[in-house]
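>>> Sequence below, structure please.
(one chain, ligands or ions: 1)
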Amino acid sequence: MAKTTDGADGGNLKPETRLVVAGRDSAEFHGFVNPPVYHASTVLYPNAADLVAHRARYQYGRRGTPTSEALENTIRAIEGPLCAGVSLLPSGAAAISTALLSVVAAGDHILITDSVYRPTRVFADSILARLGVETTYYDPLVGGDIAGLIRGNTRAVFVEAPGSQSFEMQDVPAIAQAAHARGAVVLMDNTWATPLYFNAFAHGVDLSIQAGTKYIGGHSDIMFGTVSANAATWPKLKETVGTLGLCAGPDDIYLALRGLRTMAVRLERHQRAGLAVARWLQQRPQVLRVLHPALEDDPGHAIWKRDFKGASGLFSVILRPAPEKAVHALLDTLQLFGLGYSWGGYESLAIPFDCAPYRTATTWAPGGPALRLHIGLEDLGDLISDLERGFAAYARAL
Ligand SMILES: *Cc1c(COP(=O)(O)O)cnc(C)c1O
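Sure, this is the predicted structure:
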């Protein structure tokens, strides 16, 4: 049973198929479909000569096991041929900070979208600032005009599309072209679309980051992150991860691999139900706007349609001006939507949010209370009934 499929398809298989077949070598594991979970530190060598020469396929637990390799190879297979390597990290936040550390040095300047995941901003403003790296935040809608913000020492441009609360789309190819023209590296937080719905490398990204906690894991039971690198950025990324001594735990790696195998089918459902709820919300009199790039009237729709293959189940809704107690009545009435951070699991979630206090390059003034919804895998009719009850409580509290 030598049906290993890693890299054997010449790129002809669709990503959804690669997601299923890549990273598997049953012959290595007595025919079993999945690799075992290697809990490992020491690797024993057969003799002293091999030991001193580090001559072994696996050398040390932190440096990789058959379990971690299976996941890395699977992610690589869905990132496409421009992906040269994948690092597994203990959280999405760790993936972001490690990717940034792999490209900057003291005296460098970096550009980060104002719509970035907030902890990314905190990392730049604290640790990167302390290490002598200066950050400028830019308008997510800047497009090719980012060229005007690039300085002689600008080392990296960080993009995230769409913003995970405010949902601005970014013209990633135009930004990447301007960055590359000046020798800057492009990093992207691609957690929302995943490599299945946005091929980061084909659009000019050099380092693509996933909070694996979200759709890769898919079951709200792990903290996990990945960074995928192209040939130019992979050596430094690998060195940085290794030197910092970072690695993910074997059980989380296994759960990420298990989640990843069904990600395509889950995303399809998140997408369909998410769009249906978004359209339903657009018809509610209490709703001012729905922020979802797959909606035809969304300001980011043209870019989404041009560059993305799909939408996941996360979007935001802006309500007409209302007191906080009405918004809380809505949220507290929901039974199927849990109130909690994170997203990408099988369950629906809702949070209120406000980007205004920490934005620096742009003003967040949506015109009313903002809620973010994650649409899970529950029945669509049940979710809408839940929201209907929420809106009834909202109306009573106005
Ligand atoms: C959750 C999230 C992260 C961080 O992931 P953790 O695993 O929670 O550290 C990064 N980026 C985005 C867009 C996220 O939603």
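
>>> quick one: the strands in the protein?
Ranges of strands within the chain are 85-89, 109-113, 134-138, 154-160, 185-189, 207-211, 225-229, 287-291, 314-319, 338-339, 349-353, 370-374, based on DSSP state E.

>>> Figure out which of those strands is closest to the ligand.
The ligand lies closest, by C-beta to the nearest ligand atom, to one member of those: strand 207-211, at 3.1 Å. To be clear about C-beta, it is placed using only N, CA and C from the backbone, and glycine gets the same treatment.

>>> Quick one: distance of that closest one to the chain centre.
In terms of C-alpha atoms, centre = their mean, to the nearest Å, the centre of strand 207-211 is set 6 Å apart from its chain centre.

>>> now the angle from it to strand 185-189?
20 degrees (axes from the mean of the first three to the mean of the last three C-alpha atoms, to 10 degrees).

>>> At the contact with the ligand, which residues of the chain appear?
Within reach of the ligand by C-beta under 6 Å from any ligand atom, the chain has these residues: 91-93, 117, 164, 189, 191, 211, 213-214, 223, 225, 342.

>>> burial count for the nearest residue to Phe29 once chain neighbours are set aside?
Nearest residue to Phe29, sequence neighbours excluded (C-beta to C-beta, 6 or more residues apart in numbering): Pro35, at 5.7 Å. By other C-beta atoms under 10 Å, the residues close to Pro35 number 22.

>>> do the same with Ala105
For Ala105, using other C-beta under 10 Å, the count is 11.

>>> Over to it: give its phi and psi.
phi -140, psi 160 (degrees, to the nearest 10).

>>> from what I can see it touches Asn153, true?
No - look at Ala105 against Asn153 with C-beta atoms under 8 Å: they stay out of range, at 9.7 Å.

>>> For stretch 281-294, which residues meet the burial criterion?
281, 284, 286-287, 289-294 (16 or more other C-beta atoms under 10 Å).

>>> Could you do stretch 146-163 as well?
146, 149-150, 154-163.

>>> so the residue nearest to Phe29 touches Ala70, yeah?
Yes - counting by C-beta under 8 Å, Pro35 touches Ala70, with 4.6 Å between them.

>>> Mind listing the shared neighbours of the two?
Overlap of the contact sets of Pro35 and Ala70 (by C-beta atoms under 8 Å, 6 or more residues apart in numbering) consists of 24-25, 257.

>>> Which residue ranges of the stretch 151-300 of the chain form helices?
For the stretch 151-300 of the chain, applying DSSP state H, counting those that start in this stretch gives helices covering 172-181, 194-197, 234-244, 250-261, 263-282.

>>> which intervals of the protein have sub-threshold pLDDT?
Low-confidence segments of the chain (pLDDT under 70): 1-11.

>>> Which residue ranges make up each domain of it?
Domain segmentation of the chain under automatic domain parsing yields 3-261, 264-397.

>>> among those, which is the most enclosed?
Most buried of these, by mean neighbour count (mean count of other C-beta atoms under 10 Å): domain 3-261, with a mean of 19.

>>> could I get the helices of the stretch 151-300 of the chain as JSON lines with distance to Gly376?
Output for those, formatted as JSON lines (distance: least, C-beta to C-beta, whole Å):
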{"stretch": "helix 172-181", "distance to Gly376": "28"}
{"stretch": "helix 194-197", "distance to Gly376": "16"}
{"stretch": "helix 234-244", "distance to Gly376": "32"}
{"stretch": "helix 250-261", "distance to Gly376": "14"}
{"stretch": "helix 263-282", "distance to Gly376": "7"}
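
>>> for those, which one sits closest to Leu336?
Taking C-beta to C-beta, helix 263-282 is the member of these nearest to Leu336, at 11.3 Å.

>>> Excluding chain neighbours, give the residue nearest to the residue in the stretch 251-398 of the chain that the ligand sits nearest to in space.
Across the stretch 251-398 of the chain, the shortest distance to the ligand (C-beta to the nearest ligand atom) belongs to Ser342, at 5.7 Å. Sequence neighbours aside, Thr213 is the residue nearest to Ser342 in space, at 6.2 Å (criterion: C-beta to C-beta, 6+ apart).

>>> Wait, the one you found touches Tyr341, no?
No - if you go by C-beta under 8 Å, Thr213 and Tyr341 don't touch, sitting 10.4 Å apart.

>>> my guess is Thr136 contacts Leu149, does it?
Yes - using C-beta under 8 Å, Thr136 is in contact with Leu149, at 6.1 Å.

>>> Find residues that contact each of these two.
Shared contacts of Thr136 and Leu149, defined by C-beta under 8 Å, 6+ apart, are found at Leu111.

>>> of all the shared contacts of Pro35 and Ala70, which comes closest to Thr113?
The nearest one, if we look at the shared contacts of Pro35 and Ala70 relative to Thr113 and count by C-beta to C-beta, is Leu257, at 30.3 Å.

>>> Tell me how far the nearest residue to Ala178 once chain neighbours are set aside lies from the ligand.
Leaving aside its sequence neighbours, Ala178 sits nearest to Ala147 (C-beta to C-beta, 6+ apart; 4.2 Å). Distance, Ala147 to the ligand, using C-beta to the nearest ligand atom, to the nearest Å: 26 Å.

>>> show me what contacts Ala147?
178, 181-182.

>>> Ok, Leu275 next?
292, 294-295, 311.

>>> do Leu131 as well
By C-beta under 8 Å, 6+ apart, the neighbours of Leu131 are 104, 106.

>>> Repeat that for Asp354.
Counted by C-beta under 8 Å, 6+ apart, Asp354 has contacts 364, 370.

>>> Not counting its neighbours along the chain, what's nearest Gly310?
Using C-beta to C-beta, 6+ apart, the nearest residue to Gly310 is Tyr197, at 3.9 Å.

>>> thought the one you found was touching Gly313?
No - applying C-beta under 8 Å, one finds Tyr197 not in contact with Gly313, separated by 11.3 Å.
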